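Colleague: My questions are about this predicted structure, shown below with the sequence.
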Amino acid sequence: MRSFIFTLGFHEDHIIRRLHMHNALPEDFIVVLTASPLVPAVTKAFEGVRAYCLRTGLSEPKLVEVPLDAADGIYTIMSVLKGLPRPMVVDISGGMRVLGVLTLISLLFNEGALDVYLQAEGGEAPEVHIPKELFEFMRNPLTDAELEIIKVIAERPGITIEELAKALGKSEKTVRNLIARPKKLLIVQRGRYAGLYPTKWVKVVTNLMPKEEAGLEGGQSP
């Protein structure tokens with residue numbers, strides 16, 4: 001069982017596409033957030049969502065009007081999210097920009113796994129995906145020991161567990177334990193030959209620039 005959360009404006013295409021792409025099931029919850037007051041064009045778009053859900057055997061979607069005031073809007077969204085099952089799939093592609101911002105802020109106050117998606121209305125720009133691991137990191141930042149290990153990996157991509165242990169003066173068991181959470185948070189990954197590499201998220205969560213990217217920013221050839 002999952003929860004699908006959407007922001008809605010005058011068009012429902014992104015909602016139907018997301019439900020189809022993620023193989024929504026009859027037991028999944030579907031919540032649609034829209035700006036208050038409700039206008040006829042949004043009502044028509046929601047009826048399109050509702051018709052799709054009924055036609056495909058999905059649960060009845062719930063429409064929630066969100067006041068466009070920071071405190072009241074965030075409180076309204078948080079109240080809705082509080083009782084929903086996890087994990088959550090959130091798509092903020094539709095509706096007013098301020099509604100998407102209020103939704104994102106509300107998500108930061110909620111526990112549990114959630115993936116956020118955003119697609120430009122034209123559909124030509126690549127889809128943006130904010131993974132649940134990033135939200136987990138924001139709730140529980142890296143420790144100093146984890147940061148120390150990630151810094152070495154960023155400076156020496158492909159370094160092995162054995163090499164890391166020697167560089168840090170720690171046992172291999174300790175190093176394995178310390179990289180477990182960074183790997184889970186998608187900050188570190190294993191390469192083809194068992195070496196450790198920083199992912200694109202390392203610069204976001206640690207402000208460390210991987211060696212290859214630092215070289216490109218400095219004008220060096222790849």
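Modeller: Structure's in. What do you need?

Colleague: hey, let's count contacts and neighbours off CA atoms from now on
Modeller: OK.

Colleague: Make sure Ala41 is indeed in a helix.
Modeller: Yes: using DSSP: H, G, I helix; E, B strand; the rest coil, the assignment for Ala41 is a helix.

Colleague: measure it to Gly73 for me?
Modeller: 21 Å (CA to CA, to the nearest Å).

Colleague: quick one: the strands in this protein?
Modeller: 3-7, 29-35, 62-66, 88-91, 114-118, 128-130, 188-190, 196-198 (DSSP state E).

Colleague: could those go into JSON lines alongside mean pLDDT and mean neighbour count?
Modeller: Putting the strands of the chain into JSON lines (pLDDT from 0 to 100; neighbours: other CA atoms under 10 Å) gives the following:
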{"stretch": "strand 3-7", "mean pLDDT": "97", "mean neighbour count": "25"}
{"stretch": "strand 29-35", "mean pLDDT": "97", "mean neighbour count": "23"}
{"stretch": "strand 62-66", "mean pLDDT": "97", "mean neighbour count": "17"}
{"stretch": "strand 88-91", "mean pLDDT": "94", "mean neighbour count": "23"}
{"stretch": "strand 114-118", "mean pLDDT": "86", "mean neighbour count": "19"}
{"stretch": "strand 128-130", "mean pLDDT": "86", "mean neighbour count": "13"}
{"stretch": "strand 188-190", "mean pLDDT": "87", "mean neighbour count": "19"}
{"stretch": "strand 196-198", "mean pLDDT": "90", "mean neighbour count": "25"}
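
Colleague: Redo those strands as JSON lines? Include distance to Phe137.
Modeller: Formatted as JSON lines, the strands of the chain follow (distance: least, CA to CA, whole Å):
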{"stretch": "strand 3-7", "distance to Phe137": "21"}
{"stretch": "strand 29-35", "distance to Phe137": "26"}
{"stretch": "strand 62-66", "distance to Phe137": "28"}
{"stretch": "strand 88-91", "distance to Phe137": "17"}
{"stretch": "strand 114-118", "distance to Phe137": "12"}
{"stretch": "strand 128-130", "distance to Phe137": "12"}
{"stretch": "strand 188-190", "distance to Phe137": "13"}
{"stretch": "strand 196-198", "distance to Phe137": "16"}
